[in-house]
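[1] Take this sequence and fold it.
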Amino acid sequence: RMETDCNPMELPNNTEFEEDSDYRDFEGTDVKDMRLEAEAVVNDVLFAVSNMFVSKTLPCAEDVAYINVETRERNRYCLELTEAGLRVVAYDFDQTDDRLQTPYHETVYSLLDSLSPAYREVFGNALLQRLEALKKESQS
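    From the prediction side, this is the model:
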């Protein structure tokens with residue numbers, strides 16, 4: 001099982017949230033805006049799924065956001081993003097099911113890796129292509 005904490009398309013470029021740190025202590029708040037984080041999650045892995053977007057019907061707040069994802073196998077999920085990580089909260093877009101007790105994943109990569117063999121294949125191929133490109137760059 002491949003688990004990775006990086007996006008092979010843009011290694012390494014995780015500066016978005018460090019920039020926000022200037023504003024975190026503003027007005028006594030020390031949590032990230034989860035909508036911004038959710039948008040970043042979507043942008044990181046959109047290439048490897050059929051469809052993925054931040055929910056416009058479920059409420060986003062500073063501490064929670066919801067992401068709809070459709071895997072290449074055509075399975076639909078609604079994901080909850082909090083400081084604890086990401087987890088599946090429903091098996092359809094824009095839904096939550098309180099009876100679901102799914103585990104949290106630290107990264108969107110490990111979550112999708114567990115849900116979608118096609119994601120794993122596409123992500124792995126993208127990683128290989130990126131490594132080949134880096135190898136060519138270093139040889140020239």
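[2] use CA for all of it now, contacts and neighbours both
    Will do.
[3] pLDDT below threshold where in this structure?
    1-32 (pLDDT under 70).
[4] Now do the strands in it.
    51-54, 65-70, 76-82, 85-90 (DSSP state E).
[5] do you know which of those strands lies nearest residue 137?
    Residue 137 lies closest to strand 51-54 among the strands of the chain, at 32.1 Å (Cα to Cα).
[6] Can you list the helices and strands that that closest one packs against?
    Packing partners of strand 51-54 (3 or more Cα pairs under 8 Å, 6 or more residues apart in numbering; DSSP states H and E): helix 34-45, strand 65-70.
[7] and with 6 Å instead?
    Counting contacts by 3 or more Cα pairs under 6 Å, 6 or more residues apart in numbering; DSSP states H and E, strand 51-54 packs against strand 65-70.
[8] any idea how far the strand it packs on is from the chain center?
    9 Å (Cα atoms, centre = their mean, to the nearest Å).
[9] Can you spell out which helices and strands pack onto it?
    Going by 3+ Cα pairs under 6 Å, 6+ apart, strand 65-70 lies up against strand 51-54, strand 76-82.
[10] Leaving out chain neighbours, which residue sits closest to residue 88?
    Excluding the flanking residues, the one nearest residue 88 by Cα to Cα, 6 or more residues apart in numbering is residue 79, at 4.5 Å.
[11] meant to ask about residue 71
    Per Cα to Cα, 6+ apart, closest to residue 71 is residue 49, 4.9 Å.
[12] you'd agree that neighbour is up against residue 72?
    Yes - if you go by Cα atoms under 6 Å, residue 49 and residue 72 touch, sitting 5.3 Å apart.
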